[in-house]
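Student: Sharing a model that was predicted from the sequence below.
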Amino acid sequence: MRPLWTILIALFSLSLYAQDVPHAVSVINLTAENSGNGNTGIEDFTEIDGRLLVRISTGDLHTIDLLVTLDGQQIDTLTTQGEVRIPLREDFIGRIDDRLFYSSPEHQQIIEVDLGLRLIRERIDLYPDATSDRISNTVMVDETLYYLNAFRTSTPQVSINELLAVDPSSGEATILHLDTVANAAGLVPAYLLVADEQIYFPDRKDTLIQAARYDVAMNTITSIGPSVAGEYLSYTNWNDIVYVRYPPAFTRADTFSGWYPIINDTLGNRITADPWEQLANFPDKLIAAIDELLYAIDKASGDSTVLMSGAGEIRNLTPINDEEAIFLRQNEGSIRYAIWRTDGSRTGTRKMMDVPTSWNTEPYSTAVLGHYLVLNVALASRSYVIDFNQEYIERAGFRALVEADRLLVIDDALFLYGSDPAMGREIHRITIADPLYLEGRVFYDANSNGLQEETEDGIAGAILEVTGGNNRRLYSQEDGTYRLPVKDGETYTLTINNPDCCVAMTTPDSYTFAFAIDSTYQLNFGYAQVAGPSSLRPLLNSGTIRCGFEHDFWLSIINDGCQPLAGEGRVHFPEEMEFLNSDVVPLSQEENTLTFAFDTLQPNASQRFRIRFRMPDENFAGLPVELGAVAGAVDGQGAMITSDTFAYREILRCAIDPNDKQVSPSRPEPSMSNYTQLDETLRYTIRFQNTGNDTAFTVRIQDQISESLNLETFKPLAASHPYSVSVREDRTLIFLFEDILLPDSTTNLPGSQGFVTFEIQPFPDLDDFSTIDNTAGIYFDFNQPVITNTVTSTLVEFLDEDQDGFLFYEDCNDQNFNINPAAEEIPGNGIDENCDDSDFHVSTSSQLPGTLNYFPNPTSGTFYLNYSENDRLNGELYSAAGQRLQTFVFQNSHSLDLEGLPAGLYLLRLYSREGRGRTVRVVRR
């Protein structure tokens, strides 16, 4: 029975980046029922034995200590003996059974909390008379307390420091070690550290100080390192290594100050002599900040690297995983902050985002909850949640109070002192749940009853338009299912675009609803199948290939027609490659050709085969690896359906970047522009590999699509593993591989790789020489993204306008079929038919003797020439049709102005007085 205390639980939704993430807020109401408005005057709270210890004020300087279960369901009052108070911060010493021991705030007493008796009492007075003083923290080893005590004598005037062992039950003390300090004007505080039943303490000898450790089991004291001039030292334990710090002395040189690791009772390399106000500790490094300076320290060498300096105070440096930290930095000349993250390198220190405009004051306290950072903002009494996985910030549905700065994470919950509109100032319990989804299906409804039967197949790749939430478009998966992220109270409209080969819906084509957690929804779309042409399409993908290694290839057979088809797919591979195995036994293997049988595929469905090969050795490095794939089937009318041959081609390398982006068409040429005709479809492939040291459970790929690409034409094609895809309002594609269980490359190299392929078309009205760039981010679990290379496509209306077989950048006149590099030269007619820079069968000119450099190409206006020799060169600029546009003479360097010319291809002819020459093709964007 709980007559005085109540608990209130509310459910909110927190909108985060690509999905709506609900979070539950439980308000633990510790208000006496007759106090009104919930203003309990909570002073502080902490964790104690898996519960909350909460101190509330009852007026007249009196307090009550409450022991509260984490769910708020059980609240017990602790009885206090005498005028003692438990420190609620960092002064927990240890426990013996149900008895917990704390140091008092003034370090003068040992306070015991007996959980069995619900009792708080003073156990030991560490300051028995006016001549002694406690000068250190208290530690516990094997149910014995240890601390440093000191007492002064007047004749002679010295301070005697004692290392004491105390029985916590009887209070009996044993002196383990004595230090005598002459001419002691005062008592200098000290710090003890326990590691592996060793007690590290400062050993003072008159004006010198030395690191030392007491071995509890052996009852021995060992000196560590040199004795140095100084007054105090301190210890810390970073990743199971004890470090000692020698601070600078105010009367002595600072050459020995800094942090040193203790290794086999000797001091290792100094880590740093720099001060810091904030510190993030990682296995191999420290990241430290003071004022406007951020730097990283290598633990092995002690070398430090400045990551950031200059204007902008650094606040709230917080580790978020084993490699990275997040911090806030004040923008120069502004009161507003930006959120940054760092992995301890200069290139890995980057700005994530500016804070929202509603955040106009300084940050206060932070806590990490899963892959979220909860941050309390001072004065404004606002709380924000930063999703550092997807790099998004949102104002939270709860509000922490500044005067209680504690954000306490216990298990999977965050506890804070917050303000509730109905219950006033209370302890809040925050949990961030998994996202909520509704699932639906798109299927062939053979019997037109609006329900999917076991024998009715799903429709893959159906497009669903979404209104409400952050998603703009969803796509059904291979089995026809789709998932819609939802949050409580949000209204959604879900409309399907008729899939290819489907008409006559047997269900509604649109659903509008306000989502409620306790409701059920039917969001299925049924179609009747109609007759249409039959067609098959093969694709062949791989991870990045490396000479001599085993690699997986994926053959995908796609039914892109309107009739169900079953048949065979074939892969032809070069003899330098060795077939090892496949996930499906081949129907046959004849020399270098593998044949696989595929089951009946419904329209828009696909089947994937994994094939493992060993790559050619290093003798073939730099040469292309070429494979071919084809598919065939017999349709319902007995007609043979054969696909076009898919050509796979990639250069074999012995050193690779395993995470990359590819685009097709891909046309290598000197300017690396990758010219693509406007009416060509772009096919993108993103390849990934888990190069970490453990299995990846989730892989997420984010790809923001250029405004020059028509999202209405986006079509996912194939992938190495099951996945879902959605399109956000900001034109970002999200490919999500859940439960992929991708092994790391050291455990299973070929199994550590994967890919996804999609296609999309440019808008047809783009200007000639428009460029489309594309880069993807690959997220392995909660790690920072791997950013791929950028692929570029330069769009032109015609690649070969005169259709003479030569692309415009290979041709000297792409508007005349009779002029091309393969044409026969007609001497003396004033026309260079074969594009060799001469009107004669044999050119009398030769190449320029010097080095000619030109840039940029393509150019948006000005084209620069640099020639290494001092000879004067003549220049002539021609259009693609052969019209001379400019003439000029220059020596060494020249800038050619093309501002007034339209976009297109131009020919620049350069020649000396001796007849030596060079022709350059210039592209004007």
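Tutor: Thanks, I have the structure now.
Student: From Lys487, how far off is Gly418?
Tutor: Gly418 is 21 Å from Lys487, where distance means Cβ to Cβ, to the nearest Å. The C-beta positions use only the backbone N, C-alpha and C, and glycine is treated the same way.
Student: Which one's more surrounded, those two?
Tutor: A count of neighbours by other Cβ atoms under 10 Å puts Gly418 above the other of Gly418 and Lys487, at 24 against 21.
Student: Bridged to that one, which residues?
Tutor: Ala400, Glu426 (DSSP bridges).
Student: List the residue ranges of the stretch 501-650 of the chain that fall below the pLDDT cut-off.
Tutor: Across the stretch 501-650 of the chain, the ranges flagged by pLDDT under 70 are 504.
Student: does Leu494 really touch Gly469, like I thought?
Tutor: No: taking contacts as Cβ atoms under 8 Å, Leu494 lies outside contact range of Gly469: 10.3 Å.
Student: got the domain boundaries for this protein?
Tutor: Domain assignment for the chain by automatic domain parsing gives 436-529, 657-797, 852-924.
Student: Can you give me the end-to-end span of the shortest one?
Tutor: In domain 852-924, first residue to last residue: 19 Å (Cα to Cα, to the nearest Å).
Student: wait, what's in contact with the residue nearest to the spatial centre of the chain?
Tutor: In the chain, the residue lying closest to the centroid (Cα atoms, centre = their mean) is Gln784, at 2.4 Å. Remark: with contacts taken as Cβ atoms under 8 Å, 6 or more residues apart in numbering, Gln784 is in contact with 323-324, 341, 343, 348.
Student: tell me the two of those residues that are most distant?
Tutor: Farthest-apart pair in the contacts of Gln784 is Glu323 and Arg341; separation 10.3 Å (Cβ to Cβ).
Student: and those two? which has more neighbours close in?
Tutor: The neighbour comparison of Glu323 against Arg341 (other Cβ under 10 Å) goes to Arg341, with 20 against 16.
Student: Backbone torsions only: list them for the more buried one.
Tutor: Backbone torsions for Arg341, taken as degrees, to the nearest 10, come to phi -140, psi 150.
Student: Any figure for the gap between it and Thr698?
Tutor: Taking Cβ to Cβ, one finds Arg341 at 20 Å from Thr698.
Student: my guess is Asn853 contacts Asn866, does it?
Tutor: Yes: with contact defined as Cβ under 8 Å, Asn853 reaches Asn866; the gap is 4.4 Å.
Student: Going along the chain, name the helices of the stretch 151-300 of the chain.
Tutor: Counting by DSSP state H, counting those that start in this stretch, one finds no helices in the stretch 151-300 of the chain.
Student: Which residue of this protein lies farthest from its centroid?
Tutor: Thr155 (66.0 Å).
Student: Can you give me the pLDDT of Thr844?
Tutor: At Thr844, the pLDDT value in this model is 35.
Student: ditto for the one 10 residues further on
Tutor: Confidence at Tyr854, expressed as pLDDT, is 87.
Student: Give me the buried positions along stretch 215-233.
Tutor: 216, 224-225, 228, 230-233 (16 or more other Cβ atoms under 10 Å).
Student: can you pull out the strands in the stretch 51-200 of the chain?
Tutor: 51-59, 62-68, 75-80, 92-96, 99-103, 109-114, 119-125, 132-134, 139-141, 144-154, 157-166, 173-182, 193-195, 198-205 (DSSP state E, counting those that start in this stretch).
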